[in-house]
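Q: please find the sequence and the predicted model below.
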Amino acid sequence: MVGKLRVAPPQLYELSRLLNFQSLDELRHYTKTRNRWGTERMFPVGIRCLDGAIRVLPGDSLYPEQPDLIGTAPPIDSCSKLTVDQCMMQYPHHHRIVLKSDSNRPVIKIWHKPPLTV
């Protein structure tokens, strides 16, 4: 695996958001401006689909009002009988990472810089 690095989705999400900035000054300006909206917990919740999985984040249609932080609640099965694409269409407010064998596609909500792909 020379020349390749596999990064887990949460870190990939944050690292690829940094690609939006050409300099540290740009990043600094963005963070000062973005700061007025505060922060929120970015706890991903897993959703299984027929052909992959989705990790939803706050603001997504599928994100639970009270996410299970310790893993005792039953899994969310809203999309268990749907493909990823069907689930994307049925639940339209997206802030998620889509995990399929052919790609990892982050889908981001407003007021955040989206991850860029290279």
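A: Everything's here; your move.

Q: show me where the protein has its helices.
A: 9-17, 24-34, 84-90 (DSSP state H).

Q: deepest of those, which one?
A: Comparing the helices of the chain on average neighbours per residue, with mean count of other CB atoms under 10 Å, the densest one is helix 84-90 at a mean of 16. Bear in mind the C-beta positions are built from the backbone N, C-alpha and C, glycine included.

Q: on that earlier part again, closest to Gly71 out of the helices of the chain?
A: The stretch from these with the least distance to Gly71 (CB to CB) is helix 9-17; that distance is 16.4 Å.

Q: could you say what helices and strands that closest one packs with?
A: In terms of contacts (3 or more CB pairs under 8 Å, 6 or more residues apart in numbering; DSSP states H and E), helix 9-17 is packed against strand 96-100, strand 103-107.

Q: weakest of those by average pLDDT?
A: Set side by side, the helices and strands packed on helix 9-17 give their lowest mean pLDDT on strand 103-107, at a mean of 54.

Q: neighbours of the nearest residue to Pro58 once chain neighbours are set aside, how many?
A: If the residues on either side of it in the chain are set aside, Pro58 comes closest to Glu40, at 5.3 Å by CB to CB, 6 or more residues apart in numbering. By the measure other CB atoms under 10 Å, the count of residues near Glu40 is 9.
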